[in-house]
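>>> Predicted model and sequence follow; I will ask about them next.
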Amino acid sequence: MRFKLPYQSSTLGSLIVNLSLAVGLLAFLSLFYFYIYLPNTTNHGETITVPSLEGMAIDKIDDFLSGHDLRYEINDSSYSEDFPPLTVLQQFPKPGSKVKENRKIYITLNRVTPPTVPMPDLVDRSRINAEVVLKSNELRRGHIILEPSPFLNLVKEMRYMGKPIKEGTRVPKGAVIDLVVGDGYGRSDFRIGNLIGDSYETALFKLQGWNLHLGSVEIPAGVDTTGTSPVVYKQYPEVNEQVRVGDPVDLWLAPPGYVEPDIEEDEDPEFDEL
């Protein structure tokens, strides 16, 4: 007589029973892994509130975060005059965020020395305009020093730490720049500045600052300025000549690099007869 073991039959019913057992076992293992094993190994549901690190010195952060079961990493540096060097300016995640134990906090440190910026050109600008330019370059306006000049509040000179400073000189961000400006009570006559090489718009801007107005504008005969940006190649009165407030200034314009040809004088007839 031959005996058959349970579920070893090739019938459809036994196949369904075996599949059901396999699916049930897989479901049980899945539930056990996701709801029992995984939570116990990853501290599921346990979070830490991120503390604020802003303004904290770098040498204190390690011990402080260790006490909160957190770590840190420096990922950037910036500069702010409101904080001491090597202190935290920003952090991520932000304070109050909920994170897992041993999470890494990314911080931005304040630099030891501020970055530098080139000094903008403020000469011949109005005081108000100069202050706007300083602020846009992350610089601060210091003392206003008045000097005799017929041009009220027109910047005559820039000074840094008590000494004159030129355009393009690099200074620390946040540097204090003093401005020497006209008091509006100077003499009415002065020496005109240089317009040679300036564009038409720049020349007009300077003339307005000098309280002079535009006279005639001429372009050399036969010179084509189409598609070019003409510049001043001659002015009258000439550079450093005495002028008075309100005087007209004549300009001659031509493409950059233009050289005025020499004018040959007619030979003296008397020499032709010799």
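Okay, I see it. Predicted model only: the values in this text are computed from it and were never measured. Numbers count the residues shown, from 1 in each chain.
>>> Next up, the contacts around E218.
Applying Cβ atoms under 8 Å, 6 or more residues apart in numbering, we find E218 in contact with D250, L251, W252, L253. The way it works is simple: take the backbone N, C-alpha and C, and place the C-beta from them, glycine included.
>>> what bridges to it?
W252 (DSSP bridges).
>>> so where is the stretch 101-250 of the chain shaky, pLDDT-wise?
Within the stretch 101-250 of the chain, the ranges that satisfy pLDDT under 70 run 186-188.
>>> where along it do the helices fall?
127-136, 200-209 (DSSP state H, counting those that start in this stretch).
>>> Reformat those helices into TSV and put distance to K163 and mean neighbour count next to each item.
Listed next are the helices of the stretch 101-250 of the chain as TSV, based on distance: least, Cβ to Cβ, whole Å; neighbours: other Cβ atoms under 10 Å:
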stretch	distance to K163	mean neighbour count
helix 127-136	17	15
helix 200-209	24	16
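>>> Of all the ones you listed, which one is nearest V181?
Distance to V181, taken as Cβ to Cβ, is lowest for helix 127-136 among the helices of the stretch 101-250 of the chain, at 5.3 Å.
>>> Pull that closest one out as PDB, backbone CA atoms only.
Output in PDB follows, covering the C-alpha atoms of helix 127-136 (Å, rounded to 0.1, in the frame of the first residue of the first chain):
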ATOM      1  CA  ARG A 127      27.200 113.800  -1.700                       C
ATOM      2  CA  ILE A 128      23.800 111.900  -1.800                       C
ATOM      3  CA  ASN A 129      24.900 109.900  -4.900                       C
ATOM      4  CA  ALA A 130      28.300 109.100  -3.200                       C
ATOM      5  CA  GLU A 131      26.500 107.800  -0.100                       C
ATOM      6  CA  VAL A 132      24.300 105.500  -2.200                       C
ATOM      7  CA  VAL A 133      27.300 104.100  -4.100                       C
ATOM      8  CA  LEU A 134      29.200 103.500  -0.800                       C
ATOM      9  CA  LYS A 135      26.200 101.600   0.600                       C
ATOM     10  CA  SER A 136      25.800  99.500  -2.500                       C
END
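>>> relative to helix 200-209, how tilted is it?
130 degrees (axes from the mean of the first three to the mean of the last three Cα atoms, to 10 degrees).
>>> Report the distance from helix 127-136 to the chain centre.
Offset of helix 127-136 from its chain centre (Cα atoms, centre = their mean, to the nearest Å): 15 Å.
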